[in-house]
Structure formats: structure tokens, C-alpha cells
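[1] Pasting the sequence and the predicted coordinates here, then a few questions.
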Amino acid sequence: MMSRSSELRRCRPLLGTFVEIGADAGSQRASAAIDAAFAAVERVQRLMSFHDDASDVALLNRDAAHHAVEVAPWTCEVLRAAQLLHEATGGAFDITVAPRLQRWGYLPEADGGRALEKPATDQSAIEVLAGNRVRFRRLVRIDLGGIAKGFAVDRAIDALEAAGASSGIVNAGGDLRVFGPSPSMIHVRDPRQPGRALPLLEIDNAALATSANYFARRKWRGRWVSPVIDPRRGRSCTQAVSVSVRAATCMAADALTKVVMVMGRRSAQILRDHAAAAFLVTPNGGVLTTEGSG
């Protein structure tokens, strides 16, 4: 997606994708900075993975409908951000769509799918309390996959900067953020030929996240589904387009890609509120821009 010959780079499988981290190779601390950045990503994965029975997400899904559960401050930070976006979008962004993703095979079933009581799709049931405690006012099941990857990228960037790197990149499967003195050209997949890259834009000390359905669409009971869901209608977004969002943080960019896919041009005000911009690559390879930043 981008390349700087003066950077030291490493790549590891994390967050259900490959995470590439680079830092200014001119610094003697580059290797240690990258190690610290990977440690931050690994921590987010431990806390927020739907697949890890010991994660905060698993703990909440298991117990929070029965009593308040204490979780890590990072988990609370992501939950609060999700709550704000849920309210701002009138429910178009909702982290309680996990049961539908399980039904369609994108997430593993809990209890083999045999639970007597089925969770609702209702993010308003989540209450974040003082002392990093969380409770669910009714039975819901959360998945932070639509926002936590961007949060992990931001925490990795923090780690690079704290370790003294003068420039760097964190790229988690297309959700990325860069910092430093030079802009970087970003490419995205061409919807017509997903193996081909299209130059999209240059970013400078910013984040960009992309959501698309090139490889994620599947047939379920005779109809196409995808992991991007409009929770208000219970339908998935299956159009063959790519949505990228540029924002100051990768958490915002990551979450807003789903908002744009669900809301389309009605997301313009949400983008303005986040000083963000969206780029939709159409099936014919054209690019439509919704500019929310000044």
C-alpha cells in the first residue's frame, strides 16, 4: 500500500489479518519501537477478540446481562466511542449485531447455537458505568470487530511515537495510520479486479480505513450476505463497492467506513462532525467523494 526505503518494517498475523508496522530506520530505537507497537496491538486483541474466551468481550457477552462486569480501560474507551457513534447515527452503527454475524457464519456460534434465549440487536442496552464497569440492561451480544482494529492501530502509533520514532506506519489489513514529514500514496483494490490496486489519495499524519465486500460476500439460504450490516433493517450491505474513510484517528476511520456503507450520502453530517472524508470506489472503478473535512 505504501513503501518507504528508509523504514524498518515487520509483519505479524494479528487481529484476523496481517499487521505491518514500520518506523524510521535511521533511529537506533526503531526495532524497540516496533516491538512496543506490536505489544499494543496484541493487547487490544487479547481484550477485544470475539474468538478469545478470556477476552473482555467474551466476559461481557457471558455475564454483563446478569451483573456489572469490570473490564480494562481500553475496552471501556472503545465501548464509549461505539455508544457515541450509535447515538449520532440513529442506530446505523451497532456493535450488538454479533448474533446475526454468527447466524451467517462470520463469527463462531455460542453454545453451539442452542441457547434458549436469543440475544437482541439493541446497543442502547449497553451501559458503561464508573470504575470501568459495564452492564447490559437486556441480553445482547457484542462484537467490536467494526471498531477495535482501528483502535489497535492508534495504540500502536502511540507506542511508536512514545518510543521516539520520527515517522512510521501501522497497517492492519488496510486500516492504517501514518505519521512523519512525508505524505504517503495509498492504493485500494479495484472492485472490477480485486487483485489490482488503484491509487486513491495521499495522506499525511492521518488515518485511512477501507471496507469492501470483494471476498466477504457469501450465500446464506439462497441470498447474498456480508459482514457489514444495517442493524435497523437487519440486512447486510452486498453492493460491490469499496468505501475508504480518511480521519484523524484510525478508530474513527474504521467505524465510519461501516456508517458510510449503511447510510450512503446521508452520512455526510457524521463525516463533518469527525472532520473526515469518504471515498467510494464504484463497480466501474470511479471514485465518489463525500468531503466532511474542511
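    Structure received. Numbering: from 1, shown residues only.
[2] tally of neighbours for G234?
    Residues lying near G234 (other Cβ atoms under 10 Å) number 10. The way it works is simple: take the backbone N, C-alpha and C, and place the C-beta from them, glycine included.
[3] Please report phi then psi for it.
    phi 70, psi 20 (degrees, to the nearest 10).
[4] Please enumerate the strands of the stretch 1-150 of the chain.
    Ranges of strands in the stretch 1-150 of the chain, per DSSP state E, counting those that start in this stretch, are 7-14, 17-24, 69-70, 126-129, 133-136.
[5] could those strands go into a markdown table alongside distance to Q102, mean pLDDT and mean neighbour count?
    Converted to a markdown table, the strands of the stretch 1-150 of the chain look like this (distance: least, Cβ to Cβ, whole Å; pLDDT from 0 to 100; neighbours: other Cβ atoms under 10 Å):
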| stretch | distance to Q102 | mean pLDDT | mean neighbour count |
| --- | --- | --- | --- |
| strand 7-14 | 22 | 95 | 15 |
| strand 17-24 | 20 | 96 | 22 |
| strand 69-70 | 21 | 98 | 16 |
| strand 126-129 | 18 | 98 | 16 |
| strand 133-136 | 17 | 98 | 20 |
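[6] I'd like those written out as TSV, with distance to V260 added.
    Output for those, formatted as TSV (distance: least, Cβ to Cβ, whole Å):
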stretch	distance to V260
strand 7-14	25
strand 17-24	20
strand 69-70	32
strand 126-129	23
strand 133-136	28
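[7] Which of those strands sits closest to P227?
    strand 17-24 (13.2 Å; Cβ to Cβ).
[8] elements contacting the closest one?
    strand 7-14, helix 30-48, helix 148-162, strand 168-172 (3 or more Cβ pairs under 8 Å, 6 or more residues apart in numbering; DSSP states H and E).
[9] ok, back up a step: quick check: which of the strands of the stretch 1-150 of the chain is nearest to A58?
    Nearest to A58 among the strands of the stretch 1-150 of the chain is strand 69-70 (10.6 Å), distances taken as Cβ to Cβ.
[10] quick one on the thing from earlier: and the helices and strands packed on strand 17-24, which is most packed in?
    Most buried of those, by mean neighbour count (mean count of other Cβ atoms under 10 Å): strand 168-172, with a mean of 26.
[11] would a markdown table of the helices and strands packed on strand 17-24 with distance to P119 be doable?
    Below are the helices and strands packed on strand 17-24 laid out as a markdown table (distance: least, Cβ to Cβ, whole Å):
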| stretch | distance to P119 |
| --- | --- |
| strand 7-14 | 27 |
| helix 30-48 | 18 |
| helix 148-162 | 19 |
| strand 168-172 | 28 |
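[12] Which among those is found nearest to T289?
    helix 148-162 (20.4 Å).
[13] Report the angle between that closest one and strand 168-172.
    Helix 148-162 runs at 160 degrees relative to strand 168-172, counting by axes from the mean of the first three to the mean of the last three Cα atoms, to 10 degrees.
[14] what residues are up against the residue nearest the centre of the chain?
    Centroid check for the chain by Cα atoms, centre = their mean gives I147 as the closest residue, at 3.4 Å. For I147, the contact set (Cβ atoms under 8 Å, 6 or more residues apart in numbering) comprises V78, A81, A82, L85, I95, M251, D254, A255.
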